[in-house]
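Trainee: pasting the sequence and the predicted model now:
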Amino acid sequence: MDSAAFLLLVFVSAGRLLKVWGTESVTALYGETIVIPCNGGALAPEDLMFIKWKYEKDDGTPGDLLIKQARNDQATVQATDHYAQRVSIDDKFSLLITQASLKDQKTFTCMVVSDTNLMEFPVSVVVYKKPSSVLIMDKSEVLQKEKPITLGTCVAADANPAATLTWKKNGKPLVADGKAIVITPSMKLDPATGLSTTSSTLQYAATKEDIGAVFACVSTHELINQETDLEPFPIHYPSEKVSLQIMSKGSIIEGDNVTLKCHADGNPPPSSFFFYIKGQKMLEENSDNYTLTGISREATGEYKCSLADNEKMEASQSIIVSYLDLSLSPTGKVIKTVGDALSVKMEKSASGDAKVSWTKNGKAVKEPEFSKLTYADAGVYVCKVSMTGLTRSQSFELVVEGKPVINSLTKHHADDAKHKVLTCEAEGVPEPSFHWSVNSTNEESSYVNGKATHKITVIPKVNLTVTCSVRNKLGEDVMTINVSSVFMEENMEKGSQEDSEDQAKLIVGVVAGLLIVAAMVGLIYWLYMKNSRQGSWKTGEKELGTFEESKKLEENNHTV
């Protein structure tokens with residue numbers, strides 16, 4: 001018993017829920033890889049244990065394909081038959097089967113086993129194959145009036161489901177009447193591949209009105225509808241006019257296959273024509289057309305055709321071949337270093353007036369010139385050259401790389417004044433990674449056009465020197481910043497307020513002391529002046545005393 005069967009037994013014995021969902025359907029293409037989604041591509045449950053794919057064999061018994069454990073990257077292939085080398089599983093648990101064939105039209109089941117559940121999702125596979133070819137065989141060369149002639153047998157080979165064939169004349173469906181129109185269908189089944197080949201034979205009795213009629217076989221299939229036209233059948237009468245047609249829906253572009261069709265109105269129409277191709281006469285027998293394969297610009301000119309048995313019956317047409325060349329250098333992915341120069345060269349060659357336009361990342365720009373590359377120059381540049389009916393475009397993807405450079409490292413208080421936000425801004429391609437020398441409580445980052453910003457929030461308890469380093473594969477850069485403690489800043493703010501109050505008190509005291517000193521000096525000066533005036537009064541009394549007394553008084557004054 002393998003591990004999956006053992007786990008299934010455990011689930012059943014433990015009373016787990018086994019749920020089988022309705023059968024879905026997947027359509028695959030023959031020979032391609034079949035992709036069968038598990039549960040419609042829904043996400044696997046979080047408690048997934050393993051996923052197993054199995055299928056129903058032709059005898060009704062189950063067959064194991066592969067199993068993938070949830071914790072293992074690789075799946076284990078359990079199939080031992082022809083599926084052993086054809087099955088695999090992708091990261092969404094879809095079953096992949098290579099080289100689809102009709103033998104793969106059966107039911108495949110995805111079994112999802114989790115800790116709490118076991119679910120099965122059956123998927124029915126249908127394999128389609130469009131016809132490998134739609135051909136008209138055994139074509140008749142002529143039709144005869146009112147006589148049934150086998151016009152041809154249309155064959156749509158190797159299809160599933162079988163293609164349906166119908167006949168048209170001049171674009172309208174032909175309905176069998178058993179007389180003038182007889183349609184005989186048939187189908188064969190290839191026993192080895194199971195593919196179907198459908199055939200339809202048309203017998204038709206022409207009338208005069210069928211001159212120039214175009215018969216066609218239409219193959220209708222689930223994947224593709226194809227229509228194969230027959231050339232007009234000749235009906236007898238002499239040719240009087242020849243015309244040359246250029247079978248093209250629009251302007252002729254260099255490299256196209258261009259068919260020249262020569263038509264004569266005879267009855268029967270002639271079966272052979274001369275086509276005059278650039279001076280050479282080409283005989284086309286049993287055909288009224290000539291195809292110029294991969295026409296070149298040198299093929300521009302006049303072309304003619306004529307009846308093979310009467311070259312005087314001719315017609316001509318002019319062909320103009322449009323061409324447009326574009327050469328762009330550089331192309332593809334271009335990786336340059338910031339500051340480098342890049343030369344962009346564009347050359348064009350056209351058969352007419354061509355318009356040149358440039359886009360960068362889908363937006364119109366001028367022709368790029370890069371003398372000194374910046375990160376903003378990076379992008380996808382497309383050069384488009386166009387003229388009537390013809391467009392050419394080439395592109396290159398410019399990647400500008402450079403080692404990271406820190407432009408600034410700043411700090412500021414958060415709104416609550418208890419945190420500090422440090423911001424480190426740098427430039428670099430590829431996107432640089434940030435590394436800080438401190439732990440943080442919150443981080444924010446962005447990266448646009450080579451500019452990277454990284455913010456962290458910290459609560460410094462002590463004064464710090466914080467380092468921001470950025471690096472990518474091309475190098476690194478480092479910058480430091482001093483960050484003070486939020487607690488010390490609070491104490492310093494309180495101390496500053498107390499010092500301011502003490503200084504105010506000191507100033508008041510000094511001013512008061514100066515006022516007192518000034519008052520004392522004024523009092524002393526007043527007393528001095530008063531005494532001085534009294535001495536003058538005494539000297540003024542010398543007129544009443546003796547001469548000796550006056551002289552003595554003056555000597556005393558000088559002594560003082």
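Mentor: Now that the structure is in, tell me what you want to look at.

Trainee: how close does Glu240 get to Ala308?
Mentor: Computed with C-beta to C-beta, to the nearest Å, the distance linking Glu240 and Ala308 is 16 Å. Quick note: C-beta positions are derived from backbone N, CA and C, even for glycine.

Trainee: neighbour count for those two, which is higher?
Mentor: Here Glu240 and Ala308 are set side by side on neighbour count (other C-beta atoms under 10 Å), and the busier one is Ala308, at 16 against 10.

Trainee: distance of the more buried one from Gly279?
Mentor: Note on Ala308: its distance to Gly279, by C-beta to C-beta, is 18 Å.

Trainee: identify the bridge partners of Val123.
Mentor: Glu24, Phe108 (DSSP bridges).

Trainee: burial measure for it, as a count.
Mentor: Under the criterion other C-beta under 10 Å, the count of neighbours that Val123 has is 24.

Trainee: wait, isn't it in contact with Thr23?
Mentor: Yes - applying C-beta atoms under 8 Å, one finds Val123 in contact with Thr23, separated by 6.8 Å.

Trainee: give me the common contacts of those two.
Mentor: Counting by C-beta atoms under 8 Å, 6 or more residues apart in numbering, the shared contacts of Val123 and Thr23 are Thr107.

Trainee: and the helices in the stretch 351-500 of the chain, which stretches?
Mentor: With DSSP state H, counting those that start in this stretch as the definition, the stretch 351-500 of the chain shows helices at residue ranges 486-539.

Trainee: where in it is pLDDT low?
Mentor: When residues are selected by pLDDT under 70, those of the stretch 351-500 of the chain lie in 417, 486-500.

Trainee: quick check: buried residues in the strand ranked longest in the chain?
Mentor: The strand that spans the most residues within the chain, counting by DSSP state E, is strand 390-413. With burial defined by 16 or more other C-beta atoms under 10 Å, the residues of strand 390-413 counted as buried are 390, 392, 394, 396-398, 400-406, 409.

Trainee: just stretch 188-202 next, same as before
Mentor: Applying a neighbour-count criterion of 16+ other C-beta under 10 Å, one finds Leu195, Ser196, Thr197, Thr198, Ser199, Ser200, Thr201, Leu202 buried in stretch 188-202.

Trainee: any low-confidence regions in the chain?
Mentor: For the chain, the stretches flagged by pLDDT under 70 are 1-18, 236-238, 417, 486-513, 517, 521, 525-526, 528-560.

Trainee: check contacts around the spatially most central residue of it.
Mentor: The centroid of the chain falls nearest to Asn361 when counting by C-alpha atoms, centre = their mean (10.6 Å). Contact partners of Asn361, counting by C-beta under 8 Å, 6+ apart, are Gly379, Val380.

Trainee: got the domain boundaries for the protein?
Mentor: 3-128, 133-229, 242-322, 325-400, 401-487 (automatic domain parsing).

Trainee: for Gly522, which of those is the nearest?
Mentor: With C-beta to C-beta, the closest approach to Gly522 among these belongs to domain 401-487: 52.4 Å.

Trainee: in this structure Asn442 contacts Val458, no?
Mentor: No - at 9.2 Å, Asn442 and Val458 do not qualify as touching, with contact defined as C-beta under 8 Å.

Trainee: quick one, what contacts Pro148?
Mentor: If a contact means C-beta under 8 Å, 6+ apart, then Pro148 has Lys179, Ala180, Val182, Gln203, Tyr204, Ala205 as its contacts.

Trainee: please redo it, this time with the cut-off set to 10 Å
Mentor: Residues near Pro148 by C-beta atoms under 10 Å, 6 or more residues apart in numbering: Lys179, Ala180, Ile181, Val182, Leu202, Gln203, Tyr204, Ala205, Ala206.

Trainee: ok now do the fourth one, which residues does it touch?
Mentor: Taking C-beta under 10 Å, 6+ apart as the contact definition, Val182 lies against Pro148, Thr150, Leu151, Ala176, Thr201, Leu202, Gln203, Tyr204, Ala205.

Trainee: confirm for me that the second one is in contact with Ser140.
Mentor: Yes - applying C-beta atoms under 10 Å, one finds Thr150 in contact with Ser140, separated by 5.8 Å.

Trainee: that older thread, save the buried residues of strand 390-413 as TSV, and put in distance to Asp115 too.
Mentor: What follows is the buried residues of strand 390-413, written out as TSV (distance: C-beta to C-beta, whole Å):
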residue	distance to Asp115
Leu390	63
Arg392	59
Gln394	55
Phe396	52
Glu397	46
Leu398	50
Val400	50
Glu401	47
Gly402	50
Lys403	49
Pro404	45
Val405	51
Ile406	49
Leu409	49
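
Trainee: which one of these is nearest to Tyr290?
Mentor: Leu390 (24.2 Å).

Trainee: who does the nearest residue to the closest one once chain neighbours are set aside bridge with?
Mentor: Distance criterion C-beta to C-beta, 6 or more residues apart in numbering; nearest residue to Leu390, sequence neighbours excluded, is Leu324 at 4.7 Å. Under the criterion DSSP bridges, Leu324 forms beta bridges with Ala350.
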